[in-house]
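1. with the sequence up front, the predicted model follows.
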Amino acid sequence: MAKMFADELGVELTLLIPESFNDLLTKISDNSAHIAAAGLTITEERKKIYQFGPAYQEIVEQLVYNAANKRPRSLSRLKNGILEVVANSSHDERLKHLAKTIPDLSWKSNLELESEELLQMVSDDIIDYTIADSNELSLNQRFLINLRVAFDISEPQSLAWAMPKSDDNSLLLEVRKFFKRIKKSGELTRMIERAYGHVENFDYVGTKIFRRHIETRLPEHQAFFEKAAAENGVDWRLIAAMGYQESHWDPDAVSPTGVRGIMMLTLKTAKEMEIKNRLDPESSISGGTRYFKKTLERIDESITEPDRTWMAMAAYNVGYSHLQDARKLAQQLDKNPNLWIDVKQTLPLLAKRKWYKQTRYGYARGWEPVQYVENIRSYYDILKWVDDASNAESAPAPEDFLKIPNSL
């Protein structure tokens with residue numbers, strides 16, 4: 001959003017990444033930065049110091065605990081546990097307000113750690129509780145699967161950009177104009193969908209099994225995914241996520257419809273990709289990757305990333321022709337056929353007689369490619385997180401490493 005706004009103003013974007021959340025607020029207070037775009041919650045205390053642009057997302061603040069421990073029922077029952085939050089955050093401010101009516105409420109305000117690090121500490125059972133915004137927890141719960149929500153501690157809260165208070169409101173007016181435009185055009189909704197649309201339904205059991213399979217099954221096949229992806233110019237973690245969705249990385253997988261192997265290739269696709277043995281892991285991964293790349297190249301050039309990739313995945317699952325039918329239905333319903341957020345609404349219509357009668361290629365189980373794509377998006381995020389963490393552990397940490405503040 002910041003880049004889009006800078007482009008709209010015709011100026012160059014300079015991103016400053018403070019060492020801590022507290023430093024972020026300081027840079028706004030002392031006018032060394034124009035805008036704080038860091039998922040800031042609009043609060044009464046902050047409105048006394050900063051001016052805010054229009055709200056772009058709503059969250060609720062939630063008490064988070066470790067699933068291995070007993071779920072607390074209220075803030076008044078946290079006496080025997082450690083509650084830690086980021087100092088000067090909206091969570092810190094919320095607790096100060098609640099403490100007026102809960103006399104025994106106590107917590108530690110941490111000046112050094114960020115919200116994501118506190119979530120990690122809860123997951124590792126180092127501290128008992130923290131508070132997180134619902135959107136941040138949705139993203140992190142897939143990686144830190146021991147996290148659970150005890151209860152909400154706030155009504156819905158608005159996130160917005162913050163700016164220094166000034167007699168010159170020209171920047172604020174431009175920010176308001178920008179958000180008005182992206183809300184009206186639907187671009188804001190699409191950006192939020194890209195970040196959160198695939199993480200709404202957290203599956204604890206499925207995620208736990210996936211994490212176990214990353215350790216037990218993936219190592220045997222990872223080199224094949226990396227080789228095939230490199231040869232076709234795609235991300236190996238994306239292909240691996242597809243392979244997991246297809247077969248759970250089981251090279252002997254066979255479906256009732258006759259598709260086989262890690263990438264669950266049909267006999268027709270295997271023949272087209274010149275694969276002689278669908279149950280051979282390397283051959284299956286190579287054939288599936290090449291077929292996906294071929295499908296990706298068929299997608300209309302006017303569709304931009306990441307929608308282009310999501311469309312290609314849907315086509316890989318349900319067939320290119322059915323995807324095109326769904327795109328035509330989107331256009332017919334005054335939706336954008338080039339956006340996944342719109343096409344994923346029309347794909348399920350292909351299973352309804354009223355709609356598939358209007359299409360060229362007829363009936364399809366259109367809900368399946370939607371779930372297929374959303375699952376792969378989550379698997380990809382987790383694989384990327386695990387891979388990045390592994391690479392970070394094996395590489396020396398730079399002394400001037402700066403962490404991006406989380407939504408607070």
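-> Thanks, I have the structure now.

2. so residue 111 sits against residue 23, correct?
-> No: using Cβ atoms under 8 Å, residue 111 makes no contact with residue 23, being 10.2 Å away. Quick note: C-beta positions are derived from backbone N, CA and C, even for glycine.

3. between the two, who's got more neighbours?
-> For residue 111 and residue 23, the more surrounded residue by other Cβ atoms under 10 Å is residue 23, and the numbers stand at 13 against 10.

4. and that one, how far from residue 100?
-> Counting by Cβ to Cβ, to the nearest Å, the gap from residue 23 to residue 100 is 29 Å.

5. mind listing the helices for the stretch 201-350 of the chain?
-> Remark: helices assigned in the stretch 201-350 of the chain by DSSP state H, counting those that start in this stretch are 204-216, 218-232, 236-247, 267-272, 281-298, 307-318, 320-332, 340-346.

6. so which of these comes closest to residue 135?
-> Closest to residue 135 of these is helix 340-346 (Cβ to Cβ; 16.9 Å).

7. show me what the closest one is packed against.
-> helix 187-196, helix 307-318, helix 320-332, helix 367-394 (3 or more Cβ pairs under 8 Å, 6 or more residues apart in numbering; DSSP states H and E).

8. now the last one: buried residues?
-> When neighbours are counted by 16 or more other Cβ atoms under 10 Å, the buried residues of helix 367-394 are found to be 369-370, 372-383, 385-387.

9. out of the helices of the stretch 201-350 of the chain, which gets the lowest mean score?
-> Of all the helices of the stretch 201-350 of the chain, helix 204-216 carries the lowest average pLDDT, namely a mean of 88.

10. mind checking which of the helices of the stretch 201-350 of the chain is nearest residue 171?
-> Closest to residue 171 of the helices of the stretch 201-350 of the chain is helix 340-346 (Cβ to Cβ; 30.0 Å).

11. the next helix or strand after that closest one: which residues count as buried?
-> Downstream of helix 340-346, the next assigned helix or strand under DSSP states H and E is helix 353-356. By 16+ other Cβ under 10 Å, the buried positions in helix 353-356 come out as 355-356.

12. and helix 353-356, C-alpha only, in PDB?
-> The C-alpha coordinates for helix 353-356 follow below in PDB (Å, rounded to 0.1, in the frame of the first residue of the first chain):
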ATOM      1  CA  ARG A 353     -27.300 -26.600 -13.000                       C
ATOM      2  CA  LYS A 354     -28.600 -23.000 -13.300                       C
ATOM      3  CA  TRP A 355     -25.000 -21.900 -14.000                       C
ATOM      4  CA  TYR A 356     -23.200 -24.700 -15.700                       C
END
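
13. show residues contacting it.
-> Residues outside helix 353-356 that contact it (Cβ atoms under 8 Å, 6 or more residues apart in numbering): 325, 329, 349-350, 362-364.

14. over to stretch 363-372?
-> Identification of contacts with stretch 363-372 by Cβ under 8 Å, 6+ apart yields 245, 313-315, 317-319, 322-323, 325-326, 344, 346-351, 353, 356.

15. and if we set it to 6 Å?
-> Stretch 363-372 has contacts (Cβ atoms under 6 Å, 6 or more residues apart in numbering) with 314, 317-318, 322, 344, 347-348, 350-351, 356.

16. can you give the domain ranges for the chain?
-> Listed by automatic domain parsing, the domain ranges of the chain are 2-57+158-196, 61-153, 204-382.

17. before we move on, back to that, let me have the helices and strands packed on helix 340-346 in a markdown table, extended by distance to residue 237.
-> Below are those laid out as a markdown table (distance: least, Cβ to Cβ, whole Å):
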| stretch | distance to residue 237 |
| --- | --- |
| helix 187-196 | 17 |
| helix 307-318 | 12 |
| helix 320-332 | 23 |
| helix 367-394 | 4 |
